[in-house]
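Q: please find the sequence and the predicted model below.
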Amino acid sequence: MREVAALYVEPEGAYINVPGVDPWDEARDARKYAGPYPIVAHPPCQRWGRFWHGSTRKPHQFKMGDDGGCFSAAWSSIREHGGVLEHPADSHAWVAFGINPPPRSGRWVADGHGGWTCCVYQGHYGHFSGKPTWLVAHGVDLTDLPSFIWGKTEQRIHPIALAKHGYEKARRIGMMAMVGGKDKTKIRNSTPPAFRDILIQIARSANVKKEDQCNASSAVDR
């Protein structure tokens, strides 16, 4: 079994105690990762997402991309060691780092840097909500990349929201809006085991020597 490193993971999350996986949580500081294994990276997304500026009640309290260099380090690591990086769909990091945004409909397309990128919904793999996600993989031949369940998940409406607010508002606010308590962020950020296993397999198939062999000149359906 080929060893892989899982970067920017929760100390009690899905990657802990998985055979063949070396987990790097906040205490280890994944920005310092220097190999030698290929990686699965989940760099923090707060400063790259829709609300990068902060709460709507206190907008523009943060600077876009101000994540302490986490995404930059992860991006450098997958290009050097091979593997896959995950971020929420529509992450501003793709534009900031010149990565081609993938289509929502789903398929692997050239990322513009010799690798591949795609959009996949984690709801197909057990996440509580649909959770559209962007991936970028390096050092992996296109033929070794998985063909995910592409496209959006079915509409999910929380029964309590439906009873309390009616269909239109329940549909608009989504499933996560009805999750309360201290575990809300943990649930939102969690990686379903089935999805985790696919990401680990992508990393295990990585070989940075293959990267130059990838024909990344055009989008290819998978």
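A: Noted; the coordinates are in hand. Residues are numbered from 1 along each chain as shown.
Q: show me where pLDDT drops low in the chain?
A: Within the chain, the stretches with pLDDT under 70 are 51-59, 64-65, 154-189, 208-222.
Q: burial of the spatially closest residue to H42 that is not a sequence neighbour, as a residue count?
A: Sequence neighbours aside, Y8 is the residue nearest to H42 in space, at 4.7 Å (criterion: CB to CB, 6 or more residues apart in numbering). C-beta here means a position set from N, CA and C on the backbone, and glycine is covered the same way. Counted with other CB atoms under 10 Å, residues neighbouring Y8 total 28.
Q: V120 against G106, yeah?
A: Yes. Contact criterion CB atoms under 8 Å: V120 and G106 qualify, at 6.2 Å.
Q: name the residues contacting each of those two.
A: Shared contacts of V120 and G106, defined by CB atoms under 8 Å, 6 or more residues apart in numbering, are found at 148, 150.
Q: so for the two, which residue has more residues nearby?
A: Neighbour count, other CB under 10 Å: between V120 and G106, V120 has more, with 25 against 21.
Q: in a strand, the more buried one, correct?
A: Yes. The assignment for V120 is a strand, going by DSSP: H, G, I helix; E, B strand; the rest coil.
Q: give the contact list for the closest residue to it other than its chain neighbours.
A: Nearest non-adjacent residue to V120, counting by CB to CB, 6+ apart: F148, 4.5 Å away. F148 makes contacts with 106, 118, 120, 124, 198, as judged by CB under 8 Å, 6+ apart.
Q: closest one to A137 out of those, please.
A: Within the contacts of F148, proximity to A137 (CB to CB) peaks at C118, which comes in at 8.3 Å.
Q: beta partners for the closest one?
A: L135 (DSSP bridges).
Q: how distant is stretch 133-150 from the center of its chain?
A: Here stretch 133-150 is found 12 Å from its chain centre; the criterion is CA atoms, centre = their mean, to the nearest Å.
Q: next, count neighbours for the nearest residue to S72 once chain neighbours are set aside.
A: Spatial nearest neighbour of S72, excluding adjacent residues (CB to CB, 6+ apart): F97 at 7.7 Å. Using other CB under 10 Å, the number of residues around F97 comes to 16.
Q: swap in L142?
A: L142 has 18 neighbours, counted by other CB under 10 Å.
Q: how about it, phi and psi?
A: Phi and psi for L142, reported as degrees, to the nearest 10, are phi -60, psi -40.
Q: that older thread, OK, contacts around the residue nearest to S72?
A: Neighbouring residues of F97 by CB under 8 Å, 6+ apart: 71-72, 75.
Q: gap between the residue nearest the centre of the chain and A73?
A: Among the residues of the chain, E86 comes closest to the average C-alpha position under CA atoms, centre = their mean, at 2.1 Å. Distance of E86 to A73, computed by CB to CB, to the nearest Å: 15 Å.
Q: all strands of the chain, in order?
A: 4-7, 21-24, 39-41, 83-88, 109-110, 116-121, 132-138 (DSSP state E).
Q: any chance of those in a markdown table with distance to H60 as columns?
A: Below are these laid out as a markdown table (distance: least, CB to CB, whole Å):
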| stretch | distance to H60 |
| --- | --- |
| strand 4-7 | 29 |
| strand 21-24 | 32 |
| strand 39-41 | 28 |
| strand 83-88 | 20 |
| strand 109-110 | 33 |
| strand 116-121 | 28 |
| strand 132-138 | 25 |
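Q: out of the ones you listed, nearest to I202?
A: Nearest of those to I202, taken as CB to CB: strand 83-88 at 4.5 Å.
Q: many thanks, we can stop here.
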